[in-house]
Structures are given as C-alpha cells and as structure tokens.
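[1] here you go, sequence then predicted model.
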Amino acid sequence: MIRFEDVSKHYDNHTALRKVSFSVERGEMVFITGPSGSGKSTLLKLIYLSERADEGSVFVSGWEINTMRDSDVPVLRRKIGVVYQEFRLLYNMSVFENVAIALRIRGVDEREVKARVFDSLKIVNLRHKSDNYPHALSGGEQQRIAIARAIVAEPILILADEPTGNVDPDTSAGIIRTFKEINARGATILIATHNRELFRDTGKRTLKLDFGNFVGEGIG
Amino acid sequence: MSLPYSFRVAISSLLHEKWINFLSMLTMAIGLLFTAITLLTVYNIDLMTKKLPEKFSIMLYLKDSLAREEIDTLIEGIRQDPSVDRVFFIPKDEAFRELKATLRNTEYILDGLGENPLPNSIEIKLKAQLLGPESVKKLTAKLKEQAGISEIEYGEKFLASLHSVRKGMNTIGLVFLIVLSTGMIFICYSTVKILFYRKDEEIKTYKLLGATKGFIRTPFLIEGAVIGTGGGLISCITLVSLYYTFIFKLSQTFPLLNSMYFPVELFLALPAAGLLLGIAGAIIAIGRIRY
C-alpha cells in the first residue's frame, strides 16, 4: 500500500527525513513513533502530498506520487482519510456538515450523505452532537469529529497525525480502539505518535524515527 | 460536484457578509447606471446623426453646351459608383420654376433677367452606410474629371463635423465603457478577494480533503455572479425610474426629448452585463489554485 524508497526531505535549515525506506502492506495498522521533531508529520505529509520529497520515491497504492501532476493531487487525497494534528475542522459548520463535507467533495449523492455521516458519528460516539458546532465541544470531541470525517468516505488508507495529542488517556484509549475497529474492516492505517502508551500492547508494527533517520521497527 | 450544495454555501456566505456584499452590489449598480446612461446618450446621438444623411446630397451643375445624350451617359456613369444610391436630373426650366415658387412674392426680381440663368443640374443621393467625408471626396474627385460639369457643390464642412461628432461620441462612449467596466470588475474582484482571504484556512482544508478546483471555485463564482446580477437589476430599476421621472416629464417642456429612444434590450443587457462582470471579477480574484 505504501512504499518509501530512500526518501529525503530538506527544509531551509534542517533535514526532516534522511534516506528513509519502509513499506506498509494493505490492511496493516502501523505506528510511526519517535520524539517531537523526528520527522513523523513530514512523513505523513509526503503521503498526502502536502509536501513533496526532495529525493527518493514514494509509492501509494502502486502510484509514484512524488512526481504526480498538480491536477491529480485531489484524486489521491480523495483515496486517503487524514486526521490532522490541528484537527482542521470548519468552525462555521455543524458537526454533521464537517463530516458530510468529505462525502460532498467526493460527489456522493445527498440522500446517501445523511445515513453515512450518522453511521460515522455513531462509531466515534458523537451521533447525539451532530447539530453542535465544533467550538462548543471539547478537544477530544473535536478530535473524534476529525476521525469521523476521515473514515466516512471509507478510504483505502487512513493517516492520523498525533490523533490523541489533545485528549485525556481514557479518550486516547477510545480513539485507538476506534482505529483498531476501522482497521479490522480492512482499512490501512498509519498513525504518527510520540506517545508510547498508545501503541503498547496493541500487537501492531511500529516504525521508529529519530532526527529524520529511520532507526528501526518493532511490535507494540 | 453538487451544484445545489455550492449554491447553498454561496448564499450562506452572502448572507453572512450581507453588508459588505450589499455595498458591493450598490457600487456595481452605480457603475452600471453611469455606463448605461453614457451608452444611451451615445446611442441616441448616433441615431439622430444617422437620420441626417437622408438630407445630404451632391449637386452637379452642368454646362449649357452638354447635349441630352451626353447628360444621360453621365448619369449612367454616376449610377455605376457603389456609393451612389439615387441620381436625379433637374432640367434648368424646372429649377427656374422651383426658384420662382420659392421666391413667390418677390419673383419680380427674376423679371429683369430676361432668360433663365440657371444651369441643368444633377442631384446625387449617397447610400447612408457609405456616407463619409472620404467617400464623398473620392466621388467628387472622380466627377471633377468628367467633361461637361461646371461646378460641384456639397456640404463638405457639415459632413466633416457630423462625422467628427459621431466619431467623438463613439470614442467617449468606448472610453467610459472600458473605464467603468474595469472599475466594476475591480469591485467584484475586491469583494471576492476579501471573502477568499477570510476563508483561506477553510480553502486549505478543502484542498487537503481532496476538493477539486471546481468545488472550491464554484461558490465564489456564484457569489460574484449574484453581486453582479443584483447590481445590474438595481441599475436597471433606477434607470427606468429616472427615464420616466425626468425624460418623460421634461419632454413636455422640451419636445426634442420625445424622440429619445429607450431600447428594451437594456432590461436584459444590464443584469447580463452585471453577471458577466461579477463572474470576471471573481475569476481574477480566485486566480490559480495550487495544491
């Protein structure tokens, strides 16, 4: 599903990723771990093409995406569900509308939108807050809206950047449980986190980064 | 992409920023109103000046020595010119009779002359669409080379000033149209650009979620179109009100205004122009979307 071949990414004054190579199989749930600034977010950004690699090749579902044309980027992004570290919710829209936008962008019929949004909100336990606005909800609830939006279109790949960064331990455990359930339905999931508690005893593969270098892998 | 959804987003955004949008609509209306008044004035002056050539003619005064057959040949030659519409031969006797009729009570002035002093003449009417100082000059130059013509007379100055007035009014109209259209595009551009900046984060999120350029652009284009069309409708209503309030009332004092023509096409043209200018402004404001 995902393959990195000697990928490097440089910024003005530092190197975020240095010759990183790894692969993730379809249906896997993998944790990218490492301290803050190790390059986890950059790695995810290279997958949804918010950034482009300076060297090496990035393959997603068989496509070499680093050389992908600008006009094809939306096509790739519609195949991926992303949970952003900063949520990226639309604060002038209700919870329902925030989740529905992912389907509307994909041109899903309006009659289908309602049912799928409610299904998705049910998974993250926010069905009863569909009419609320994000700013009226807690950090953890906002995080769960972002997850509902990422999964509602049933993408082949879900990326989550520090998905528990703003929530308490109980909510974190709940979010990881949700991801495991989604993974059990067949979606490939890549979670970037610095929180060891999150992947401990999950039995899932972990890839460790440090200062932009790939330093090894293990099982959580 | 769902068009009803884009409309919903656009309408909600227009209502959310209703005052700035209403102000843009009013500014558009004022611009369109000035443009329409200018065009209406230019159009009516053009219409009036187009009617004047019907009265314009070239007079050829012929030498007495010219025989009737030679006159017919000359007339036939003139008729061949592509700028000529009609040619009339005025025999000297008929011209004298007309002169007498014109003088009526003072015809005794002519008694002392004894014989008819007027020459035979030919009156040439030109095709209205080909009437201009250049075409007339060309034709008269050709006629001057013909034998048997003693004098050519036409309103050279009148024709030149008529042509200048028409040309000048068209230029003024065109300049007004360009300046005001640019201004109106700028109004729509600024409105949409402000909205676009305010929604910068929202647009970034849309892009990250995989929205196509069309999905992002359409609500802004609809907003531009609504502002433009709204401005067009307001200007149309104002123009009709002004026309009936002022021109209609003033024409009772100044009958010349009665002939002022108000093309009904303006009812459609103003909102349509607003729509196009609004969309043009929005397109420029959004610019290129990059991922």
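    Structure's in. What do you need? Numbering: from 1, shown residues only, chains lettered A, B, ... in the order given.
[2] any part of the helix or strand containing residue A:116 near chain B?
    Assigned by DSSP states H and E, residue A:116 belongs to helix A:110-123. Yes. Residues of helix A:110-123 contacting chain B under Cβ under 8 Å from any Cβ of the partner chain: residue A:110. All C-beta spots, glycine's among them, are computed from the backbone N, C-alpha and C.
[3] which helices and strands does that helix pack with?
    helix A:95-105, helix A:139-151, helix A:169-184 (3 or more Cβ pairs under 8 Å, 6 or more residues apart in numbering or on different chains; DSSP states H and E).
[4] and of the ones you listed, who's closest to chain B?
    helix A:95-105 (4.6 Å; Cβ to the nearest Cβ).
[5] coming back round to it: and of the helices and strands packed on helix A:110-123, who's closest to residue B:129?
    Among the helices and strands packed on helix A:110-123, the nearest to residue B:129 by Cβ to Cβ is helix A:95-105 (56.5 Å).
[6] quick one: the closest one to helix A:139-151, angle?
    20 degrees (axes from the mean of the first three to the mean of the last three Cα atoms, to 10 degrees).
[7] residue B:221 sits in which helix or strand?
    Using DSSP H and E, residue B:221 falls in helix B:213-242.
[8] do you know how far the residue in the stretch 101-250 of chain B positioned nearest to chain A is from residue B:93?
    The minimum distance from the stretch 101-250 of chain B to chain A, using Cβ to the nearest Cβ, falls at residue B:210 (3.4 Å). Distance of residue B:210 to residue B:93, computed by Cβ to Cβ, to the nearest Å: 93 Å.
[9] more neighbours, those two?
    residue B:210 (24 against 11; other Cβ atoms under 10 Å in any protein chain shown).
[10] need the three-state assignment for that one.
    Secondary structure, DSSP: H, G, I helix; E, B strand; the rest coil: residue B:210 is coil.
[11] and the residue minimising distance to the centre of chain B, what does it touch?
    In chain B, the residue lying closest to the centroid (Cα atoms, centre = their mean) is residue B:43, at 3.9 Å. Residue B:43 sits next to B:261, B:263 when contact means Cβ atoms under 8 Å, 6 or more residues apart in numbering or on different chains.
[12] burial count for residue B:271?
    Counted with other Cβ under 10 Å, residue B:271 comes out at 20.
[13] skip the chain neighbours and tell me the closest residue to it.
    Of all residues not flanking residue B:271 in the chain, residue B:232 sits nearest, at 3.6 Å (Cβ to Cβ, 6 or more residues apart in numbering or on different chains).
[14] ok, that neighbour touching residue B:275?
    Yes. With contact defined as Cβ atoms under 8 Å, residue B:232 reaches residue B:275; the gap is 6.6 Å.
[15] these two: who's more crowded?
    Ranked by neighbour count (other Cβ under 10 Å), residue B:232 and residue B:275 place residue B:232 first, with 29 against 20.
[16] can you pull out the strands in chain B?
    Applying DSSP state E to chain B gives strands spanning B:58-62, B:84-90, B:121-126, B:149-153.
[17] pull the number of nearby residues for the nearest residue to residue B:125 once chain neighbours are set aside.
    Distance criterion Cβ to Cβ, 6+ apart; nearest residue to residue B:125, sequence neighbours excluded, is residue B:86 at 4.3 Å. Neighbours of residue B:86 under the rule other Cβ under 10 Å: 11.
[18] again, but for residue A:131
    Residues near residue A:131, counting by other Cβ under 10 Å: 9.
[19] wait, does the helix ranked longest in chain B contact chain A?
    As assigned by DSSP state H, the longest helix anywhere in chain B is helix B:156-198. No. Helix B:156-198 is not in contact with chain A by Cβ under 8 Å from any Cβ; minimum separation 10.4 Å.
[20] tilt between that helix and strand B:121-126?
    10 degrees.
[21] what's helix B:156-198 packed up against?
    helix B:18-51, helix B:133-144, helix B:213-242, helix B:266-286.
[22] and the first one, average pLDDT?
    So that's helix B:18-51. For helix B:18-51, mean pLDDT is 85.
[23] I figured residue B:79 hits residue B:89, correct?
    No. Counting by Cβ under 8 Å, residue B:79 does not reach residue B:89; the two are 11.4 Å apart.
[24] between these two, which is the more surrounded one?
    residue B:89 (16 against 12).
[25] now that one. Nearest residue, chain neighbours left out?
    Nearest non-adjacent residue to residue B:89 (Cβ to Cβ, 6+ apart): residue B:122, at 5.6 Å.
[26] bridged to that neighbour, which residues?
    Beta-bridge pairing of residue B:122 under DSSP bridges involves residue B:60, residue B:89.
[27] and the helix-or-strand element of chain B with minimal mean pLDDT, what's buried?
    The weakest-scoring helix or strand in chain B, judged by mean pLDDT, DSSP states H and E, is helix B:108-111 (a mean of 71). Judged by neighbour count using 16 or more other Cβ atoms under 10 Å in any protein chain shown, helix B:108-111 contains no buried positions.
[28] and it, how far out from the chain's middle?
    Relative to the chain's own centre, helix B:108-111 is displaced by 49 Å; criterion: Cα atoms, centre = their mean, to the nearest Å.
[29] likewise stretch A:54-68?
    The answer for stretch A:54-68 is 18 Å, by Cα atoms, centre = their mean.
[30] so for that stretch, what gets flagged as buried?
    Buried-residue list, stretch A:54-68, by 16+ other Cβ under 10 Å: A:56, A:58, A:59, A:60, A:65, A:66, A:68.
[31] which SS class is the residue nearest the centre of chain A?
    Centroid-nearest residue in chain A, with Cα atoms, centre = their mean: residue A:159, separated by 1.9 Å. Here residue A:159 is recorded as strand under three-state DSSP.
[32] surely residue B:123 touches residue B:87?
    Yes. Judged on Cβ under 8 Å, residue B:123 makes contact with residue B:87 at a distance of 7.4 Å.
[33] and these two? which has more neighbours close in?
    Taking other Cβ under 10 Å, residue B:123 and residue B:87 do not tie; residue B:87 has more neighbours (19 against 13).
[34] ok, and does stretch A:192-202 reach over to chain B?
    No. Residues of stretch A:192-202 are not located near chain B by Cβ under 8 Å from any Cβ, the shortest gap being 15.6 Å.
[35] how long is that stretch from one end to the other?
    Length of stretch A:192-202, first residue to last, Cα to Cα, to the nearest Å: 15 Å.
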